[in-house]
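Visitor: Sequence first, predicted coordinates after that:
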Amino acid sequence: MKILAIESSCDETAAAVVEDGRNVLSSVIASQVDAHIVYGGVVPEIASRMHAEAISNVVAQALEQAECTMSDIEAIAVTYAPGLIGALLIGVNFAKGLSMSSGKSLVPVHHLRSHIAANYITHKELEPPFLSLVVSGGHSHIVNVKSYTEFEIIGRTLDDAAGECMDKAARALGLPYPGGLNLDKAAKDGNPTAYKFPRPKVDGVDLAFSFSGLKTAAVNAIHNAKQKGEEINIADFGASYISAVVRCLTENTLKAAEKTGAKKIVLAGGVSANSVLRTEFEKLCKEHSFELYYPELKLCGDNAAMVGAQGYFEYISGRKAGLDLNAYATMPIDKADF
Ligand code: KG4
Ligand code: ZN
């Protein structure tokens, strides 16, 4: 069964054709990085306009590369929440038009569910239940994935997301957008014990994250050094900072796995591309006998193949939207109403 998938929640316009939730027949991504780089971050209005410009060609290319026409497609999956509202609306409206003209079903897909589903493409044997750490630009969740379409949040950030924390520190260090990726690269040969960062404490809320204190500590340290005319060693600073963020993520995830009795830990979202995060989880999961999964690098960031993967499982579970489908800037992963 072939699903045509569309993704436009942030700054990538993407379309893909995915068979049976696991096999990617095509995956096209038009990245807007060059347009946003001058602003140091995503400008929502520019993102929406660029999606509108790119989406028709991106979808046409995805069908062409998969050697498909709409008659080969069973259903259209589209990211409808959460994300930048103007950006989401472009994908949702395009999918609605296509559904109307082709008569194919419309399947609303939650963005974070699709990040988790990227793992079904990389690991053909992976099946729920498992525990997932979902770390993106806007979210940091520990999710109990009970089935392909049933989710329970068991830990979350009380303030900033891990990705936001990476991006802001990168920006303060003068690294170009996209911050997290460039910080990871710049920190590659750095000494992770060179700089000291506070250990966030979240009293009374089990399995919660808090990243805003770490982010503020980093930004303040950079500004103070600038004022005093002191040099910051970017590699060492980056490595120490990433190590502090990763420590929070690994500690709580392992604690959650032990608490829930999960055997499998699945990383998902843009931050799961981080090299230190992957290496640390590899080491700890080996020590504590958990099976570890994370997506191949090209599926960690936003793409439509993962939307096609989740869209397939949502569709076979009976999830279909009408032509009144709306987009939502926020939406919990466990409810995903539409
Ligand atoms: O999932 P994603 O592509 O978009 C959202 O849904 O938000 O995640 C983007 C986030 C950004 O904060 C970006 O800086 C971060 O993922 N990111 C990384 C790396 N690659 C992307 N953070 C750390 N290390 C990386 N290699
Ligand atoms: Zn994302």
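Guide: Looks like it came in fine. Residues are numbered from 1 along each chain as shown. Ligands and ions are numbered 1, 2, ... in the order given.

Visitor: nearest spatial neighbour of the residue sitting nearest the centre point of the chain, skipping sequence neighbours?
Guide: Nearest to the mean C-alpha position of the chain, by C-alpha atoms, centre = their mean, lies Gly269 at 2.7 Å. In space, and not counting its chain neighbours, Gly269 is closest to Ser136: 3.7 Å by C-beta to C-beta, 6 or more residues apart in numbering. (Each C-beta comes from the backbone N, C-alpha and C, glycine too.)

Visitor: who's in contact with that neighbour?
Guide: Applying C-beta atoms under 8 Å, 6 or more residues apart in numbering to Ser136 gives the contacts 112, 115, 161, 163, 269-271.

Visitor: and it, how far is that from Thr122?
Guide: Separation of Ser136 from Thr122 (C-beta to C-beta, to the nearest Å): 17 Å.

Visitor: ditto for Pro192
Guide: For Pro192 relative to Thr122 (C-beta to C-beta), the value is 27 Å.

Visitor: do Phe290 as well
Guide: Applying C-beta to C-beta to Phe290 and Thr122 gives a distance of 17 Å.

Visitor: lowest-pLDDT helix or strand in this protein?
Guide: Least confident helix or strand, the chain: helix 33-36 with a mean of 94, by mean pLDDT, DSSP states H and E.

Visitor: That one vs ligand 1: in contact?
Guide: No - on the criterion C-beta under 6 Å from any ligand atom, helix 33-36 is out of touch with ligand 1, staying 11.1 Å away.

Visitor: name the helices or strands packed onto that helix?
Guide: Other helices and strands packing on helix 33-36, by 3 or more C-beta pairs under 8 Å, 6 or more residues apart in numbering; DSSP states H and E, are helix 44-65.

Visitor: Just the residues contacting the helix it packs on, thanks.
Guide: Against helix 44-65 from outside (C-beta under 8 Å, 6+ apart): 4, 6, 8, 10-11, 13-17, 25-30, 32, 35-36, 69-70, 73, 84, 86-87, 89-91, 94, 98, 304.

Visitor: Just the buried ones from the residues you listed?
Guide: 4, 6, 8, 10-11, 13-17, 25-30, 32, 36, 73, 84, 86-87, 89-91, 94, 98, 304 (16 or more other C-beta atoms under 10 Å).

Visitor: which ones among those residues are found in strands?
Guide: 4, 6, 13-17, 25-30 (DSSP state E).

Visitor: Stretch 105-118 spans what distance, first to last residue?
Guide: Counting by C-alpha to C-alpha, to the nearest Å, you get 22 Å between the two ends of stretch 105-118.

Visitor: average pLDDT for it?
Guide: Taken as a whole, stretch 105-118 has a mean pLDDT of 98.

Visitor: just how off-centre is it within its chain?
Guide: 11 Å (C-alpha atoms, centre = their mean, to the nearest Å).

Visitor: what does stretch 8-23 give?
Guide: The chain centre lies 13 Å from the centre of stretch 8-23; the measure is C-alpha atoms, centre = their mean.

Visitor: okay, that stretch in CSV with CA atoms only?
Guide: What follows is stretch 8-23, C-alpha atoms only, in CSV (Å, rounded to 0.1, in the frame of the first residue of the first chain):
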residue,chain,number,x,y,z
SER,A,8,5.7,21.5,5.9
SER,A,9,5.8,22.1,9.7
CYS,A,10,8.9,24.3,9.8
ASP,A,11,11.5,25.1,7.2
GLU,A,12,11.6,22.0,4.9
THR,A,13,9.0,21.5,2.2
ALA,A,14,9.0,17.7,1.8
ALA,A,15,7.0,15.0,0.0
ALA,A,16,7.5,11.2,-0.2
VAL,A,17,6.0,8.0,-1.4
VAL,A,18,6.2,5.2,1.2
GLU,A,19,5.1,1.6,0.8
ASP,A,20,3.6,-0.3,3.8
GLY,A,21,5.0,2.2,6.3
ARG,A,22,8.6,0.9,5.9
ASN,A,23,9.8,1.2,2.3
